[in-house]
Each structure stands twice: as structure tokens, then as C-alpha cells.
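> the following comprises the amino acid sequence and a computationally predicted model.
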Amino acid sequence: MTENLLFHGDALDLAPFALCRWPSRRAQLAYLDPPFAVGVAFGARTQPTETRAQGGSTSGPVAYDDRWPSLEAYLAWLSPRVAAARDLLANDGSLWLHLDHRAVHDAKLVCDGIFGAPCFAGEIIWMPGNGAKGRNGPGMTHQTILIYGKGRSFVWNASDPALREPYAKTSLAMHFRNTDEGGRAYRDRTVGRKTYRYYADEGRALGSVWSDCPSMVANTPLRRETTGYPTQKPRKLLDRIVRATTEPGALVIDPFCGSGTTLEAAALLGRVFLGGDIGDLAMATTTKRLETAGVAFERARRSPPHAAEVTPRAL
Ligand SMILES: C[S@@+](CC[C@H](N)C(=O)[O-])C[C@H]1O[C@@H](n2cnc3c(N)ncnc32)[C@H](O)[C@@H]1O
């Protein structure tokens with residue numbers, strides 16, 4: 001018997017579905033990686049050499065359409081879906097909204113309106129490591145993940161090794177000159193009247209710029225992790241977010257799950273997932289991926305059209 005659920009449908013319908021299924025269960029993490037308003041249709045890679053994002057034409061099957069009449073139309077589409085995900089959060093939960101420079105600043109204002117500006121907890125600058133392409137200005141080599149707490153504090157497992165990074169070599173040489181009886185290098189720092197001990201092998205707290213989760217791992221043919229689904233995020237990135245913000249057994253939701261990266265990470269880390277996506281290819285890719293990983297899950301389908309709205313498909 002599994003609690004993991006994969007929902008085939010609009011992100012807007014995920015909350016009513018979940019609340020009906022689990023009237024009192026709430027999520028500690030909602031990770032949202034929606035279309036970014038890039039202005040292209042994304043196709044899947046069916047051959048190792050195929051390009052995945054082209055201006056409306058793709059050689060592989062179209063995974064999802066990310067063309068919008070305007071930024072306003074995009075934000076009007078995004079806003080209720082963020083609000084629906086917020087409805088599923090526990091009081092100690094957080095929502096991570098992954099976007100890029102095209103819409104993130106406007107989306108921040110939208111999210112401030114949904115959560116209340118004091119619930120904004122900061123942002124992660126994720127550097128996929130793909131190299132710069134800009135000819136008419138600086139190439140954008142980062143994406144931004146906005147973080148909101150449902151309340152003013154949320155689960156943050158600061159001492160998890162996934163949130164540590166090695167000290168710089170110079171820092172190790174300059175400061176970690178002592179060794180304890182077990183042979184571990186350390187330094188003591190006294191602040192006020194209290195002395196704190198830091199061990200070299202524990203590393204230092206990771207900051208908000210993450211450059212050590214390369215996208216290539218998830219988007220290069222022949223890499224085991226790559227599914228061929230466009231804009232697939234690396235497992236290391238989602239492992240870190242899940243480990244940072246949830247306890248074992250907690251519910252993790254991802255209403256735009258694409259190839260299922262968050263769901264695989266959550267399940268293999270002992271969390272329960274509720275994932276959803278509107279696309280057929282996303283469903284097929286996620287299903288195959290989870291089955292290959294030996295993850296048990298149930299499937300549910302509900303996709304009534306939200307016809308009154310502007311969506312990419314209405315173009
Ligand atoms: C950037 S991709 C997600 C990639 C995913 N994080 C991964 O690692 O594979 C965005 C996804 O949003 C899905 N999507 C677009 N509109 C949607 C909607 N209204 N409801 C649910 N999913 C939607 C697309 O099908 C696409 O799979």
C-alpha cells in the first residue's frame with residue numbers, strides 16, 4: 001500500500017483533489033517548476049543529437065508549450081496555481097517557485113500578494129552551468145528559486161550535509177590548525193563569552209548561490225539521469241531542497257512535475273509525494289522513471305478544461 005500519488009491534470013485541480021483525498025494532510029514542501037514564459041514550445045529529445053527548444057517547431061514530440069500572449073496573461077495563469085499550492089502547505093511548510101529572469105521579478109510581487117511579503121524567505125540563485133550565450137547583453141547563466149514560508153518559519157535542516165560545502169583551502173590552512181583526540185581538524189571561535197567549535201570535515205553552511213548541481217547531468221544523452229524530457233532538473237538540486245525542508249515521512253508536492261525529478265527524490269529520501277502534470281508526455285516519462293527506480297505510486301486523472309483562461313494552448 002503506497003501513499004504516493006501521481007495526478008494527471010491541471011495544477012489548479014491538484015489542491016481540490018488532494019484535500020478531498022487527504023482532508024487533513026498538508027505538505028512540508030511545495031516545489032513549483034512551471035513554464036518560465038520562455039516563448040517557445042519545448043520538444044522532447046528522441047534522438048541523442050536533437051535540440052529541445054525551438055521557436056515553435058520541434059523534432060521530438062512537444063512536451064509543453066511555453067508561449068504566451070503577454071507577461072500579464074502568463075502571471076494571470078500562474079497566480080491561482082501558486083495560491084492552490086499554498087493551500088496545501090502545512091504551517092511549517094515552504095513553497096519554492098523556480099523561474100528565470102523573464103518573469104521572476106513580476107512573479108515575486110504576485111507571490112508577495114498571495115503569501116504576504118513578510119513570508120518571503122529569500123531566493124536561491126541556481127547556476128545550471130550551461131555557459132553564456134548573450135550577444136546583445138550579458139548571457140543569463142542563472143535561474144532563481146523564490147522561497148516562501150506558509151508562516152514566518154518553516155522546516156530548515158541546517159545541519160544536513162546537503163546544506164554544507166567544503167571550506168576554502170586557504171581557510172583550512174589558516175584557521176583549522178588544531179586536531180582533537182580523534183584526529184579531526186577544528187577551530188574554536190569565541191563570540192561574547194561562548195566558544196563554538198567548528199570541524200573542518202563538516203564544511204561550512206551553503207549560501208544562496210548554488211553552482212554545484214549542474215543541469216548537464218539531467219540533460220545530456222548517455223547520462224543515466226537523463227530522461228529526454230526538456231527542462232528536466234538535476235536530482236542533486238531536488239535532493240537538496242527535499243532534505244533541507246522536510247522531515248522523513250513528510251508530504252512533498254510538485255504540481256508541474258515534468259519528468260518526475262522531485263517525486264523520485266522525495267520517494268527515495270523516504271518522503272511521500274503528490275505530483276501532477278497536465279502533459280501526456282510528462283505522465284509517461286514520470287511513470288517510466290518511477291517504475292525504473294522501484295517507487296510504488298498510484299495514478300489519478302482529472303483534467304477539466306479551464307476554458308475561460310488564457311493558456312498557451314489557447315494561442
Ligand atoms: C519546467 S517543466 C518541469 C520540469 C520538471 N521539474 C523536471 O525536472 O522534469 C514544466 C512542466 O509544467 C507542465 N505544465 C504546464 N502547464 C501546466 C498546468 N496547467 N498544470 C500542470 N502542469 C503544467 C508542463 O507539462 C511541464 O512538464
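Yep, that arrived.
> how close does the residue of the stretch 51-200 of the chain found nearest the ligand get to Ser153?
Taking C-beta to the nearest ligand atom as the measure, the stretch 51-200 of the chain has Tyr64 as its residue closest to the ligand, at 3.6 Å. (Each C-beta comes from the backbone N, C-alpha and C, glycine too.) Distance from Tyr64 to Ser153, counting by C-beta to C-beta, to the nearest Å: 35 Å.
> secondary structure element for the residue of the stretch 51-200 of the chain closest to the ligand?
Here Tyr64 sits within strand 62-65, counting by DSSP states H and E.
> buried residues, the very next helix or strand once past that strand. List them.
For strand 62-65, the following helix or strand on the C-terminal side (DSSP H and E) is helix 71-87. Buried positions in helix 71-87, judged by neighbour count with 16 or more other C-beta atoms under 10 Å: Ala73, Tyr74, Leu75, Trp77, Leu78, Arg81, Val82, Ala83, Ala84, Ala85, Arg86.
> which one of the residues you listed is nearest to Asp254?
Ala85 (9.1 Å; C-beta to C-beta).
> what sits closest to that closest one if chain neighbours are left out?
Residue nearest to Ala85 in three dimensions, not counting chain neighbours: Ala30, with 4.3 Å by C-beta to C-beta, 6 or more residues apart in numbering.
> and Gly207, how many neighbours?
10 (other C-beta atoms under 10 Å).
> what is the strand holding Tyr64 packed up against?
strand 41-43, helix 280-292 (3 or more C-beta pairs under 8 Å, 6 or more residues apart in numbering; DSSP states H and E).
> so who does Cys119 touch?
Tyr148, Gly149, Lys150, Gly151, Arg152 (C-beta atoms under 8 Å, 6 or more residues apart in numbering).
> which residues are in contact with Tyr31?
Leu95, Trp96, His98, Leu238, Ile241, Val252, Ile253, Asp254, Thr262.
> am I right that the last one sits in a strand?
Read it as Thr262. No: Thr262 sits outside any strand when classified using DSSP: H, G, I helix; E, B strand; the rest coil, being helix.
> so in terms of bridging, what pairs with the residue lying closest to it once chain neighbours are set aside?
Excluding the flanking residues, the one nearest Thr262 by C-beta to C-beta, 6+ apart is Asp254, at 3.9 Å. Using DSSP bridges, the beta-bridge partners of Asp254 come out as Gly275.
> now the helices and strands packed on strand 62-65 as CSV including mean pLDDT and distance to Phe120?
Converted to CSV, the helices and strands packed on strand 62-65 look like this (pLDDT from 0 to 100; distance: least, C-beta to C-beta, whole Å):
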stretch, mean pLDDT, distance to Phe120
strand 41-43, 92, 29
helix 280-292, 96, 29
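> run a quick neighbour tally on Thr287.
Thr287 has 15 nearby residues by other C-beta under 10 Å.
> swap in Arg187?
17.
> so it sits in a strand?
Yes: assessed with three-state DSSP, Arg187 lies in a strand.
> could you find the closest non-adjacent residue to it?
By the measure of C-beta to C-beta, 6+ apart, the closest residue to Arg187 outside its immediate chain neighbours is His175, 4.5 Å from it.
> again, but for Ala84
Leaving aside its chain neighbours, Ala84 sits nearest to Ala15 (4.1 Å; criterion: C-beta to C-beta, 6+ apart).
> list the contacts of the one you found.
So Ala15 contacts Ala84, Ala85, Asp87, Leu88 (C-beta under 8 Å, 6+ apart).
> can you give me phi and psi for it?
With angles defined as degrees, to the nearest 10, Ala15 sits at phi -70, psi -50.
> ok, it to the ligand distance?
For Ala15, the distance to the ligand equals 12 Å [C-beta to the nearest ligand atom, to the nearest Å].
> the lengthiest strand in the chain: which residues count as buried?
In the chain, taking DSSP state E as the definition, the longest strand is strand 89-99. Using 16+ other C-beta under 10 Å as the test for burial, strand 89-99 gives Leu89, Ala90, Asp92, Gly93, Ser94, Leu95, Trp96, Leu97, His98, Leu99.
> tell me the pLDDT at the residue of the chain found nearest the ligand?
Ranked by C-beta to the nearest ligand atom, the top residue of the chain for proximity to the ligand is Gly258, at 2.6 Å. The model reports Gly258 with a pLDDT of 97.
> and what of Leu19?
On the pLDDT scale, Leu19 is placed at 90.
> repeat that for the one 10 residues further on.
Taken from the predicted model, the pLDDT recorded for Leu29 is 98.
> so what's the nearest residue to Asp277 once chain neighbours are set aside up against?
Nearest residue to Asp277, sequence neighbours excluded (C-beta to C-beta, 6+ apart): Cys257, at 4.9 Å. Applying C-beta under 8 Å, 6+ apart to Cys257 gives the contacts Leu6, Leu263, Gly275, Gly276, Asp277, Ala282, Thr286.
> of the residues you listed, which pair is most distant in space?
Longest span within these, C-beta to C-beta: Leu263 and Ala282, 10.9 Å.
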